[in-house]
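Colleague: Next come a sequence and a model predicted from it.
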Amino acid sequence: MNLAYYPFQLITTKPSVITVIDTGLPKVLLDLVQAFRNDDDGIVLSNEQMQIQELRKASLWIGDPVLELDLDKLFQRLIIKKVSQLIEDQRLIELIEQSQRLAMSLLREPLLSELPVTVEPGGKLEQIMKYCNVHFDEEVLTEPFSKVEAAIQTLAKLEEKRLVIFANISHYLDVESLSKLLDQVKNTSLELLLIEFSDVERRKFFEKCQYIYIDRDFMDSRELID
């Protein structure tokens, strides 16, 4: 994916690689966050053929893993949709039949059997999964890095094609955690963008990422290297 943000050089993200835009300039941070979170003007995305893409369709804003990332809210609907696509017909029939037997068993409870009530057994996979309350394990939700790992694992399983954007991840990672994250992304086809804020350039910390630093003088680190 190509990311155009005037007046800076074009940024090209790559599958299996983490791209980092780090800045010490509040305006740049605000522009990037508002563009991806709120679908505001200022950022233009294009594909490999340089065809302009709609921001809200070509990118997935996840944001700060502590302040914004709700794994169940973000992924529950997508997981149900994916399971619906992959489940075999015979297995679906079995689940529906089990759901119907459970519903009829409930109606045999003394109080219910004496009242003019009925039940509606789940006839769709979505109803069954919601009834079973399929959700992420609490252990995953306790640590920011665990949430990020779970998000990336889920996105890979869902075969996500959009540009995935996190913010402020470095606030919650040490060198070891970042190394694990790099290895995890390397084994996927995800295009991952991290938006970060720092008063100083951190090329060494992000040395295995595609790293861009924009300082308070609007200088792009890639220009300095060139």
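Modeller: Right, received. Where do you want to start?
Colleague: on contacts alone, who are the packing partners of the longest helix seen in the chain?
Modeller: As assigned by DSSP state H, the longest helix anywhere in the chain is helix 89-107. Here helix 89-107 is seen to pack against helix 125-131 when contacts are counted using 3 or more Cβ pairs under 8 Å, 6 or more residues apart in numbering; DSSP states H and E. Every residue, glycine included, has its C-beta placed from N, CA and C.
Colleague: Tell me the buried residues in the longest helix of the chain?
Modeller: 95, 96, 99 (16 or more other Cβ atoms under 10 Å).
Colleague: Over to stretch 196-208?
Modeller: 196, 197, 201, 205, 206.
Colleague: Just to check, the fourth one is in contact with residue 170?
Modeller: Yes. Judged on Cβ atoms under 8 Å, residue 205 makes contact with residue 170 at a distance of 7.1 Å.
Colleague: Shouldn't residue 161 be within a strand?
Modeller: No. Counting by DSSP: H, G, I helix; E, B strand; the rest coil, residue 161 falls outside a strand, being coil.
Colleague: shift numbering so it begins at 530
Modeller: Renumbered: residue one is now 530, and that last one reads residue 690.
Colleague: Give me the phi and psi for it.
Modeller: Dihedral pair for residue 690: phi -110, psi -10, per degrees, to the nearest 10.
Colleague: and if you look at the one 4 residues further on?
Modeller: Main-chain dihedrals, residue 694, degrees, to the nearest 10: phi -120, psi 120.
Colleague: For residue 706, give its distance to residue 634.
Modeller: 48 Å (Cβ to Cβ, to the nearest Å).
Colleague: Same check on residue 735?
Modeller: Separation of residue 735 from residue 634 (Cβ to Cβ): 57 Å.
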